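Colleague: What would the 3D arrangement of this be:
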Amino acid sequence: MTRPVVLAATLAAGAACLLAVGMASPALASPALLAHQVPLDIDNAATAWILTSTALVLLMTLPGLALFYAGMVRKKNIISVIAQSAAAFAVVSVLWFLVGYSLSFGGGSPATNGFIGGLQAAFLNGVTMETAHSLLPGLPELLFVSFQMTFAIITPALIAGAFAERMKFSASILFFALWHLIVYAPICHQVWGGGYLGGLGVLDFAGGAVVHVNAGVAGLVCALVLGPRHGFGRDNMAPANLAYSAIGTGLLLVGWLGFNAGSAGAADALAATAAFNTILAAAAAAIGWMVVEWFDRKRPTLLGLLSGIVGGLVAITPAAGFVDPKGAFFIGLIAGPACYAGAVWLKHALKYDDTLDAFGVHGIGGIVGALLTGVFATTSVNALSEGATVWKQAIGLGGAIAWSAVGTFVVLMICKFTTGLRVTKDEEVEGLDYTQHGEAIH
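Modeller: Numbering: from 1, shown residues only. Predicted coordinates for the structure are as follows:
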């Protein structure tokens, strides 16, 4: 037998042995699943819808929230608030890949899993094209990662509305990073990732507690710790360009359909119900806010209408997939006046400077919506509504509020003694656009 033939025969025999080993040992080709994973059983329709929803929710931060906030600050600070939204996107996206997803939705040790996930999926270790999260086995896990990442991005960006026009940009970057790890990831895990609040039966369809109450309470703590802007209550601090805010509100409204209807996890009747509830509640809240403002201030304002729309969107978020349209209507109608009271009467009574009403709209709206979920949730819409009560919802809110308040204060203290929190008085008077970024709108 010639040497080439011998070599060919040897290679063929070796290949046959490898094939036999592979067939006899399928575990070699299929790595063990992580605690939170199941094999992907793809649902093409659901995958298409959640891909769309992911894009819609990402649109909410950039450019939606960025423009909404930009129109409400003074002209000298427009660039600074847009930069904060962009920074939240960049910082949180990277952290989500590194450890945020794993801490939020991964499995933790038995001793800590009620509060926070583990690090098994850090750097998305073990997340492949063949895996799915056990919560949504029909979606590729990387799509689930992406969709949830958009929620993680917008939450700290919302907080920036409370400290707008006075926090250092360096401090805001450090704040976003630490807050994501210390506050957002644990609360997300506690409610959605297998933690103790979800286990208690707390209902949060798309982020009432995880996103809005969490961000609103954090915003209130930021406003109290940083103190008011120079000239607050004395100088003219009227919005620079409400046209920006109107465009931003429209983008938020459209993006919110992905936020709420996407949280159904499928292209089905539940998603359709959540979508309609979202639109209806926003409209009802806008009317509720406008009526109260008309009586209180003798004229309705565009800013009030826009704020009412956002307040209704916030309030329906925890309830969107648990209530029928009648419930959505009443939640919106109640949320509008409640958010007005929080953003106008409460802030003026207590004299804190929550610049863009992060607490007044997101905190109050989220609390109202979460509590009313316990009133209006019905099994005719979602079987998970079985056993829903206001008391259970209040427990969930209490846990989220406490964790957010304490965690935010800790993060602010770290920032205070490292980067420092506030710009100087002269920098604030000149405006953060130029003093923090060397740019200006002319």
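Colleague: from here on, contacts and neighbour counts on C-alpha atoms
Modeller: Noted.
Colleague: residue ranges with poor pLDDT in this protein?
Modeller: Low-confidence segments of the chain, defined by pLDDT under 70, span residues 1-30.
Colleague: Residue for residue, what is the longest helix it has?
Modeller: Counting residues, the longest helix found in the chain (DSSP state H) is helix 269-297.
Colleague: Identify each buried residue in that helix, please.
Modeller: Buried residues in helix 269-297, counted by 16 or more other Cα atoms under 10 Å: 270-293.
Colleague: Following that helix in sequence, what is the next regular element?
Modeller: Following helix 269-297 in sequence order, the next helix or strand is helix 302-316 (DSSP states H and E).
Colleague: Next secondary structure after that following helix?
Modeller: Sequence order places helix 325-340 as the next helix or strand after helix 302-316, per DSSP H and E.
Colleague: Can you spell out which helices and strands pack onto that next one?
Modeller: With contacts taken as 3 or more Cα pairs under 8 Å, 6 or more residues apart in numbering; DSSP states H and E, helix 325-340 sits against helix 269-297, helix 302-316, helix 364-376.
Colleague: That one versus helix 364-376: what angle between them?
Modeller: With axes from the mean of the first three to the mean of the last three Cα atoms, to 10 degrees as the basis, helix 325-340 and helix 364-376 are set at 150 degrees to each other.
Colleague: Start the count at 45 instead of 1 going forward.
Modeller: Okay, residue one is now 45; in that scheme the one you just asked about reads as helix 369-384.
Colleague: State the next helix or strand along the chain beyond helix 369-384.
Modeller: Scanning onward from helix 369-384 (DSSP H and E), the first element met is helix 391-394.
Colleague: List of residues touching that following helix?
Modeller: Contacts with helix 391-394, where a contact means Cα atoms under 8 Å, 6 or more residues apart in numbering, come from 397-398, 404.
Colleague: hmm, back to that, show me what the longest helix of the chain is packed against.
Modeller: helix 286-305, helix 346-360, helix 369-384.
Colleague: Buried residues, the last one. List them.
Modeller: Read that as helix 369-384. Using 16+ other Cα under 10 Å as the burial criterion, the residues of helix 369-384 that qualify are 369, 371-384.
Colleague: out of those residues, what pair is the most spread apart?
Modeller: The largest separation in the buried residues of helix 369-384, counting by Cα to Cα, is between Pro369 and Tyr384 at 22.8 Å.
Colleague: which phi and psi does Gln81 have?
Modeller: Taking degrees, to the nearest 10, you get phi -100, psi 160 for the backbone angles of Gln81.
Colleague: That one contacts Thr175, doesn't it?
Modeller: Yes: when contacts are counted by Cα atoms under 8 Å, Gln81 is listed as touching Thr175 (6.4 Å).
Colleague: out of the buried residues of helix 369-384, who's nearest Val135?
Modeller: Set against Val135, the nearest of the buried residues of helix 369-384 by Cα to Cα is Cys383 (29.8 Å).
Colleague: count of neighbours near Phe461?
Modeller: A count of nearby residues for Phe461, using other Cα atoms under 10 Å, gives 9.
Colleague: if we can go back for a sec, kindly reformat the helices and strands packed on helix 369-384 as CSV containing distance to Ala438.
Modeller: Listed next are these as CSV, based on distance: least, Cα to Cα, whole Å:
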stretch, distance to Ala438
helix 313-341, 21
helix 346-360, 15
helix 408-420, 6
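Colleague: can you pull out the strands in the stretch 95-244 of the chain?
Modeller: With DSSP state E, counting those that start in this stretch, the ranges of strands along the stretch 95-244 of the chain come out as 175-177.
Colleague: which ones are touching the residue positioned nearest the centre of the chain?
Modeller: A centroid search over the chain (Cα atoms, centre = their mean) returns Phe195, at 3.3 Å, as the residue closest to the centre. Contacts were defined as Cα under 8 Å, 6+ apart; by that measure Phe195 touches 101, 255, 303.
Colleague: Could you identify which of those has the most neighbours?
Modeller: Phe303 (32 neighbours).
Colleague: these two touch, right, it and Leu102?
Modeller: No: assessed by Cα under 8 Å, Phe303 is found out of contact with Leu102, at 9.3 Å.
Colleague: that older thread, relative to Asn280, which of the helices and strands packed on helix 369-384 is closest?
Modeller: Nearest of the helices and strands packed on helix 369-384 to Asn280, taken as Cα to Cα: helix 346-360 at 16.1 Å.
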